[in-house]
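K.L.:
Okay, structure incoming, though there's no sequence with it:
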């Protein structure tokens with residue numbers, strides 16, 4: 001669909017990458033210098049994060065984050081599959097609207113609006129339900145693309161054998177579509193995991209919330225949030241690596 005980039009374009013991309021990397025390295029060096037000048041790199045300020053009680057508290061928050069992300073993923077995937085397999089004006093409108101509405105706004109609706117009408121869910125569901133409503137739209141787009149990636153002849157072959165359309169979709173189309181969209185589903189899980197950090201709004205004890213509590217307790221604000229950011233980075237990099245491996249495996253299978 002696109003022409004291969006020429007030598008001039010490749011040189012431009014190379015120089016842009018080099019300059020961007022140099023600027024980023026300079027900003028990091030400047031930040032470390034400022035941290036050092038303010039005593040933020042002193043060993044005494046990092047020593048608490050070599051103790052098990054601190055890490056146990058943060059890992060408990062990580063466990064709550066994974067639990068919320070898992071529940072959200074299941075509900076969002078189920079909703080997205082329903083939206084993808086029942087295309088009509090309502091489902092299309094829902095997908096378009098939910099992809100544009102900020103997730104934080106949905107959380108606020110769950111936190112402040114619904115209780116005024118007598119609907120007051122537990123903290124866990126005040127986080128999971130808005131995330132699931134929002135991410136269902138993204139999953140619907142992924143599922144729809146996966147279904148459309150399957151050759152039409154597969155469905156036609158199933159229908160020609162007298163199989164009902166629903167049976168063809170479940171047992172012929174979807175198994176092939178899942179292989180195509182698995183890397184995208186894992187990538188979507190990265191976005192979903194990051195969105196669980198909104199749990200602090202509803203006081204759900206996820207990783208970021210526990211980090212805030214810990215920073216208020218020990219007064220080590222910068223160190224705490226750098227450690228929390230490192231934990232998020234490790235988890236998300238692991239999921240990104242898994243997505244790349246799945247994509248490479250699918251490409252080898254396709255050949």
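P.N.:
Alright, I've got the coordinates. Bear in mind the structure is a predicted one, so any value in this text is a computation, not a measurement.

K.L.:
what does the one helix or strand residue 106 maps to rub up against?
P.N.:
Assessed by DSSP states H and E, residue 106 sits inside helix 103-108. With Cβ atoms under 8 Å, 6 or more residues apart in numbering as the test, helix 103-108 has contacts from 126-127, 130-131, 133-134, 195, 198, 201-202. All C-beta atoms are positioned from the backbone trio N, CA, C, and that covers glycine.

K.L.:
Residue 46 versus the residue most central in space within the chain, what's the distance?
P.N.:
Nearest residue to the geometric centre of the chain (Cα atoms, centre = their mean): residue 191, 1.6 Å. Distance, residue 191 to residue 46, using Cβ to Cβ, to the nearest Å: 30 Å.

K.L.:
What residues of the helix or strand where residue 78 lies count as buried?
P.N.:
Assigned by DSSP H and E, residue 78 belongs to helix 52-85. Within helix 52-85, the residues scored as buried using 16 or more other Cβ atoms under 10 Å are 54, 57-58, 61-62, 64-65, 68-69, 71-73, 75-77, 79-81, 83-85.

K.L.:
One more: stretch 149-167?
P.N.:
150, 155, 158, 163.

K.L.:
ok now it, how far from the chain's centre?
P.N.:
33 Å (Cα atoms, centre = their mean, to the nearest Å).

K.L.:
tell me the mean pLDDT for it?
P.N.:
The pLDDT scores in stretch 149-167 average 74.

K.L.:
repeat for stretch 180-196
P.N.:
Stretch 180-196 carries an average pLDDT of 84.

K.L.:
From the rest of the structure, what touches that stretch?
P.N.:
For stretch 180-196, using Cβ under 8 Å, 6+ apart, the contacting residues are 65-66, 68-69, 72-73, 76-77, 103, 127, 131, 134-135, 138-139, 142-143, 145-146, 149-150, 206, 232, 235-236, 239-240, 242-244, 246-247, 250.

K.L.:
go on, stretch 118-132?
P.N.:
Contacts with stretch 118-132, where a contact means Cβ under 8 Å, 6+ apart, come from 68, 71-72, 75-76, 79, 103, 106-107, 109-111, 114, 192, 195-196, 198-199, 202-204, 206.

K.L.:
In PyMOL, how would I select just the buried ones from those?
P.N.:
Only the buried members of these enter the following PyMOL selection, criterion being 16+ other Cβ under 10 Å:
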select buried, resi 68+71+72+75+76+79+103+106+107+110+111+192+195+196+198+199+202+204+206
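
K.L.:
taking the mean pLDDT, what do you get for stretch 57-69?
P.N.:
94.

K.L.:
Same check on stretch 115-128?
P.N.:
Across stretch 115-128, pLDDT averages out at 90.

K.L.:
Figure out how far that stretch is from the centre of its chain.
P.N.:
Relative to its chain's centre, stretch 115-128 lies at 23 Å (Cα atoms, centre = their mean).

K.L.:
Is it correct that residue 174 is in contact with residue 147?
P.N.:
Yes - between residue 174 and residue 147 there is a contact under Cβ atoms under 8 Å: 7.4 Å.

K.L.:
who's more crowded, the two?
P.N.:
Applying other Cβ atoms under 10 Å to residue 174 and residue 147 shows that residue 147 carries more neighbours, namely 21 against 17.
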